[in-house]
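Q: model this:
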Amino acid sequence: MDYLRMSEFIQLSCAVCRIGIYTCFRALCCKGPPPPRPEYDLVCIGLTGSGKTSLLSQLCSEHRDNIGSTTGADNIRKYWSRYYQGSQGVIFVLDSASSEDDLEIARNELHSALQHPQLCTLPFLILANHQDKPAARSVQEIKKYLELEPLARGKRWILKPCSLDDMEAVKDSFSLLINLLEDRDLEPSRM
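A: Okay, here's the model as predicted:
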């Protein structure tokens, strides 16, 4: 696995997180000075409680004990689009063990993002988080519920399961997103 292709920094902003991925992965797995590589400006969105902050903090080797829920995030969802400009990719985190109502809201927000003029041509990494919970839905169930096939036809997207207990899967998912970012001219893909 080549985690060296990840970008330079992580900056969190409530429910919307601007992400540069490289520094976290460098701290986790690399030795010596890194070769020059491109940076990617990604936006990370998802409902409150989906695990955005926890996943990103864990990628940066922060201890889980220091992570608290982001408060007031539901109130700023209407401002997400202010963070979209200049983004080169999207990470959408959802709680795969959430209630039907929350999953419906997540679906609507994902659909809005997939159709947003500033995001509709960008690659999406959709993380079905909390797979370690007993009520977690499978990736196949989530894919069907989110109606990704018809809505995201012709777009580049990846749907992957994840949890804080399996950070290797999260790293692998980020690597797939980086591959999509590097292969902009390739056919749209669904993974």
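
Q: any idea how far Cys44 is from the spatially most central residue of the chain?
A: Nearest to the mean C-alpha position of the chain, counting by Cα atoms, centre = their mean, stands Ile91 at 2.5 Å. Here Ile91 is placed at a distance of 4 Å from Cys44 (Cβ to Cβ, to the nearest Å). C-beta here means a position set from N, CA and C on the backbone, and glycine is covered the same way.

Q: May I ask which helix or strand encompasses the residue nearest to Met167 when sequence neighbours are not counted?
A: Nearest residue to Met167, sequence neighbours excluded (Cβ to Cβ, 6 or more residues apart in numbering): Gln58, at 5.9 Å. Per DSSP states H and E, Gln58 falls inside helix 52-59.

Q: pLDDT averaged over that helix, what's the number?
A: Computed over helix 52-59, the mean pLDDT rounds to 86.

Q: which helices and strands sit right next to it?
A: strand 10-13, strand 16-19, helix 22-29, strand 42-45, strand 89-95, helix 167-182 (3 or more Cβ pairs under 8 Å, 6 or more residues apart in numbering; DSSP states H and E).

Q: And that helix, how far out from the chain middle?
A: Averaging C-alpha positions (Cα atoms, centre = their mean, to the nearest Å) puts helix 52-59 10 Å from its chain's average.

Q: what inclination does that helix have with respect to strand 89-95?
A: Orientation of helix 52-59 against strand 89-95 (axes from the mean of the first three to the mean of the last three Cα atoms, to 10 degrees) gives an angle of 110 degrees.

Q: quick one: helix 52-59 to helix 167-182, angle?
A: 100 degrees.

Q: mean pLDDT lowest for which of the helices and strands packed on helix 52-59?
A: Across the helices and strands packed on helix 52-59, the lowest-scoring stretch is strand 10-13, with a mean of 30.

Q: surely Lys143 meets Ile158?
A: No. Assessed by Cβ atoms under 8 Å, Lys143 is found out of contact with Ile158, at 11.1 Å.
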